[in-house]
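Q: Below are the sequence and a predicted model for it; my questions follow.
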Amino acid sequence: MSRIQVYVICDNARYYRSKAVQEYLKTSRIQLVFLPPYAPNLNLIERLWKFFKQKVLSNQYWGP
């Protein structure tokens, strides 16, 4: 029976590259997949901030 590989997509935070994590991953079925250093299209929170800036922050009131 083959082992199932688990892929975890993560950013480039320093703690993912620590020695303790790397040692654990050597015997684990978990494999880390790192995003590029700047990838706003792959990060969902960037889309939320763009929407927030357009619809909320730049909103104007044209009252009487």
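A: Everything's here; your move. Only a predicted model underlies this, so the values are computations on that prediction, with no experimental measurement involved.
Q: any idea how far the lowest-mean-pLDDT helix or strand in the chain is from the chain center?
A: The weakest-scoring helix or strand in the chain, judged by mean pLDDT, DSSP states H and E, is helix 44-52 (a mean of 81). Per CA atoms, centre = their mean, to the nearest Å, the displacement of helix 44-52 from the mean C-alpha position of its chain is 13 Å.
Q: Are there helices or strands packed against it, and which ones?
A: In terms of contacts (3 or more CB pairs under 8 Å, 6 or more residues apart in numbering; DSSP states H and E), helix 44-52 is packed against no helix or strand at all. No exception for glycine: its C-beta is placed from N, CA and C like everyone else's.
Q: Pull out the CA atoms of that helix and give them to me as CSV.
A: Coordinates of each C-alpha in helix 44-52 appear next as CSV, following Å, rounded to 0.1, in the frame of the first residue of the first chain:
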residue,chain,number,x,y,z
LEU,A,44,-7.2,35.6,-1.4
ILE,A,45,-6.8,38.3,1.3
GLU,A,46,-5.3,40.6,-1.4
ARG,A,47,-8.6,40.4,-3.3
LEU,A,48,-10.5,41.3,-0.2
TRP,A,49,-8.3,44.3,0.4
LYS,A,50,-8.7,45.5,-3.2
PHE,A,51,-12.5,45.2,-2.9
PHE,A,52,-12.5,47.0,0.5
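Q: what are the phi and psi angles of Val8?
A: Main-chain torsions, Val8, degrees, to the nearest 10: phi -120, psi 120.
Q: Return the residues in contact with it.
A: Ile30, Gln31, Leu32, Val33 (CB atoms under 8 Å, 6 or more residues apart in numbering).
Q: Any buried residues in the host helix or strand of the last one, and which?
A: Meaning Val33. Here Val33 sits within strand 30-34, counting by DSSP states H and E. Within strand 30-34, no residue counts as buried by 16 or more other CB atoms under 10 Å.
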